[in-house]
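1. quick one, structure for this:
(chains A, B, C and D)
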2 protein chains.
Amino acid sequence: MELKTATAALAALAHEGRLATFRLLVQAGPGGVAAGEIARRLGVLPNSLSANLNLLSHAGLISSRREGRSIIYTADYDGMTALLGFLVQDCCGASSEICAPLYETLVRSACCPPDATPMRETA
Amino acid sequence: MELKTATAALAALAHEGRLATFRLLVQAGPGGVAAGEIARRLGVLPNSLSANLNLLSHAGLISSRREGRSIIYTADYDGMTALLGFLVQDCCGASSEICAPLYETLVRSACCPPDATPMRETA
DNA sequence: TCCATATTTCAACGATAAAAGAAATATTCG
DNA sequence: CGAATATTTCTTTTATCGTTGAAATATGGA
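-> This is a model prediction of the structure:
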């Protein structure tokens, strides 16, 4: 990923409404959420949301598909992964013990550790 | 981390100059880099850089300390970790296999896997 | 075809952020 | 104390972003 691409993705997320939208879609999973449903849940105007969805989409962070009269938006996990990868890319250039806690936090923040272990037992 | 805090951090990074600055500091490690040195390396005016460093600092992404006549800036790995944690926080709400590749990418992007294994052998 | 629903596009206004030059503050050394 | 270096602060100008209302496009069903 290039600097400009990453900047555009970060700019897309650097907005309360868009960040909330993105997280909503991330949590919703592959099933996605219709634009109108997003607008209702977040309490924003449909046209404002549309502009913001368009921005997130151009940044490669979300995708869309039509389903009947509705347009379903989904998080683009590849784009999200690329952005996060770019941010941590050379984090250990100087000393590798610095970013070790980073992984612990990331693993704990979500539900699926790198091993794909469902994280049931603590050991 | 709250939505507003995360938005501020993302806004701080959503700027080519600031993103380049942040990555430079992340790569530089705990030793940090003096403001003047950053300006020289990135080819930006000192006053512009100062404003951007201030923004990154208020966002909790970098820290600073005075050393003689220079002010040394360092990446704030805690702030960085908090932001990334917020972004991946509920990524598997729907189906846990979705964000499994995310960890693989993150581990490969940097140098220190969660196990603190130096990543020499592929197995 | 006609109407209702869902979403997007357009145009305009106000607010916010970025860039640059000049001046000010802090530190070191003679 | 005075000069030089390092960084920040102030001020102005310019450009970009966000919001809103109204109209336009697309789909599904009577």
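2. got the phi/psi numbers for A:R65?
-> phi -150, psi 150 (degrees, to the nearest 10).
3. nearest spatial neighbour of it, skipping sequence neighbours?
-> Counting by CB to CB, 6 or more residues apart in numbering or on different chains, A:R65 lies nearest to A:I72, which is 5.3 Å off, once chain neighbours are set aside. (Glycine included, C-beta is placed from N, CA and C.)
4. ok, the one you found - contacts?
-> In this structure, A:I72 makes contact with A:31-34, A:64-66, judged by CB atoms under 8 Å, 6 or more residues apart in numbering or on different chains.
5. and if we set it to 7 Å?
-> With contact set as CB atoms under 7 Å, 6 or more residues apart in numbering or on different chains, A:I72 has these partners: A:32-34, A:64-65.
6. from these, which land in strands?
-> Using DSSP state E, the members of the contacts of A:I72 that fall within strands are A:33-34, A:64-65.
7. neighbours around A:L55, how many?
-> Around A:L55 there are 18 other residues, counting by other CB atoms under 10 Å in any protein chain shown.
8. for the one 4 residues further on, same thing?
-> Burial of A:A59, expressed as a neighbour count using other CB under 10 Å, amounts to 22.
9. quick one: residues contacting it.
-> By CB under 7 Å, 6+ apart, the contact set of A:A59 is A:8-9, A:12.
10. secondary structure class of A:E97, three-state.
-> Per DSSP: H, G, I helix; E, B strand; the rest coil, the local secondary structure of A:E97 is coil.
11. and it, what does it touch?
-> Shown here is A:E97, which makes no contacts under the criterion CB under 7 Å, 6+ apart.
12. same question for the one 5 residues further on.
-> Applying CB under 7 Å, 6+ apart to A:L102 gives the contacts A:88, A:91, B:77, B:81.
13. export the contacts of A:A59 to JSON lines and tack on distance to chain B and neighbour count?
-> Formatted as JSON lines, the entries for the contacts of A:A59 read as follows, by distance: CB to the nearest CB, whole Å; neighbours: other CB atoms under 10 Å in any protein chain shown:
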{"residue": "A:A8", "distance to chain B": "8", "neighbour count": "18"}
{"residue": "A:A9", "distance to chain B": "8", "neighbour count": "26"}
{"residue": "A:A12", "distance to chain B": "8", "neighbour count": "26"}
